[in-house]
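**Student:** How does the following fold in three dimensions:
(one chain, ligands or ions: 1)
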Amino acid sequence: MAIEFTKYHGLGNDFILIDNRSASTPVIKPEEAVKWCDRHFGIGADGVIFALPGENGADYTMRIFNSDGSEPEMCGNGIRCLAAFLTELEGVSRTKDYYRIHTLAGVMTPQLTDDGQIKVDMGLPRLLAQEIPTTLAAADSKVINQPLEVAEKTWDVTCVSMGNPHCITFVEDVAAIPLETIGPKFEHHPAFPQRINTEFIEVVNRNYLKMRVWERGAGITLACGTGACAVLVAGVLNDLCDRTATIELPGGLLEIEWSEVDQRIYMTGPAERVFTGKF
Ligand SMILES: N[C@@H](CCC[C@H](N)C(=O)O)C(=O)O
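**Tutor:** Predicted structure coming up:
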């Protein structure tokens with residue numbers, strides 16, 4: 001049976017979106033998602049996202065499979081793409097400009113802004129070692145600027161969960177990082193029992209950071225929304241940036257704010273439709 005899909009991207013972090021609103025389980029299995037995501041033999045994407053019926057009072061549920069078939073808790077660029085996709089699916093019958101989306105990391109709220117961007121309430125960052133999870137510190141301690149041995153080198157890392165796990169390292173020159181070889185070593189390091197997303201950051205100034213990312217289950221991507229949020233939190237915790245900053249990724253810019261009012265993280269960026277098809 002052919003399944004309809006729409007391809008979207010958020011700053012080059014690309015996803016296959018499936019209208020799954022009539023069933024509460026994804027219409028394709030993780031191993032099929034691997035084939036769909038293949039850039040040579042499939043459609044090509046960093047992940048597959050399903051728009052499912054809402055749970056626990058939410059408007060919709062988002063589930064996502066990474067390109068390796070694993071299921072992450074959250075996806076920042078993906079939830080902006082989902083909001084744009086839902087707008088398209090609902091068409092003229094839409095009555096509000098925001099959605100409450102149930103995810104494995106809790107309820108997230110994307111809102112359409114006047115300039116065509118999407119601002120997402122990404123919830124509270126989680127900092128305890130048991131919440132990442134990581135064995136780098138005692139369960140109820142934070143991992144801020146702590147040494148980690150990877151590839152015979154000591155890296156000072158800060159760990160933040162945005163529902164999914166992130167390990168952040170501040171470096172002098174982000175372009176000089178051999179992401180393709182070092183990324184997998186971080187991802188599969190024994191200190192991270194559920195694997196890890198890894199971000200390398202160059203601080204340009206207190207409101208502008210450059211980032212490159214190796215994603216758990218997807219490898220090098222052009223952008224990572226949850227990663228950009230985690231990076232801002234890590235920057236504040238290390239006193240390297242302010243609570244509002246632009247994060248420059250290979251695919252473009254994200255605006256991130258860690259609100260002093262409610263301590264929640266807000267991410268603003270684009271989501272663009274690429275094409276539709278049947279597979
Ligand atoms: N690219 C995403 C994150 C997708 C999930 C990640 N690979 C994981 O396994 O946690 C984003 O924009 O946040």
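**Student:** Can you give me the neighbour number for Met74?
**Tutor:** Other residues near Met74 come to 23 when the count uses other CB atoms under 10 Å. C-beta coordinates here come from the backbone N, C-alpha and C atoms, glycine included.
**Student:** Glu255 too?
**Tutor:** Glu255 sits with 16 neighbouring residues when counted by other CB under 10 Å.
**Student:** Nearest residue to it in space, please, no chain neighbours.
**Tutor:** Once flanking residues are discounted, Glu255 sits nearest to Thr268: 4.3 Å by CB to CB, 6 or more residues apart in numbering.
**Student:** hang on, that neighbour in a strand?
**Tutor:** Yes. Membership of Thr268 in a strand is supported by DSSP: H, G, I helix; E, B strand; the rest coil.
**Student:** I figured it hits Asp115, correct?
**Tutor:** No. If you go by CB atoms under 8 Å, Thr268 and Asp115 don't touch, sitting 9.5 Å apart.
**Student:** who has more neighbours, the two?
**Tutor:** Remark: of Thr268 and Asp115, Thr268 carries more neighbours, 17 against 7, as counted by other CB under 10 Å.
**Student:** mind giving me the domain ranges of this protein?
**Tutor:** Annotated domains of the chain cover 4-121+270-278, 129-263 [the TED database].
**Student:** Same list, these, but as TSV with mean pLDDT and distance to the ligand please.
**Tutor:** Below are the domains of the chain laid out as TSV (pLDDT from 0 to 100; distance: least, CB to the nearest ligand atom, whole Å):
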stretch	mean pLDDT	distance to the ligand
domain 4-121+270-278	96	3
domain 129-263	98	3
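**Student:** in what helix or strand does Thr198 lie?
**Tutor:** Using DSSP states H and E, Thr198 maps to strand 197-205.
**Student:** What are the contacting residues of that strand?
**Tutor:** Strand 197-205 is contacted from outside by 164-174, 177, 179, 182-183, 186-187, 209-216, 224, 226-227, 230-231, 234-235, 240-241, 248, using CB atoms under 8 Å, 6 or more residues apart in numbering.
**Student:** Paired strands for that strand, with orientation please.
**Tutor:** strand 165-170 (parallel), strand 208-215 (antiparallel) (DSSP bridges).
**Student:** Is the nearest residue to Tyr208 once chain neighbours are set aside bridged to anything, and to what?
**Tutor:** Using CB to CB, 6+ apart and skipping the chain neighbours, the partner closest in space to Tyr208 is Thr246 (5.1 Å). Here Thr246 sits in beta bridges with Tyr208, Glu255, going by DSSP bridges.
**Student:** Start from the N-terminal end of the stretch 101-250 of the chain and give the strands.
**Tutor:** 101-103, 106-112, 118-121, 146-150, 153-161, 165-170, 197-205, 208-215, 219-220, 244-249 (DSSP state E, counting those that start in this stretch).
**Student:** Need the winner for burial among these.
**Tutor:** Scoring the strands of the stretch 101-250 of the chain by mean neighbour count under mean count of other CB atoms under 10 Å gives strand 165-170 as the most buried, with a mean of 26.
**Student:** backbone phi and psi for Thr87, please?
**Tutor:** phi -60, psi -40 (degrees, to the nearest 10).
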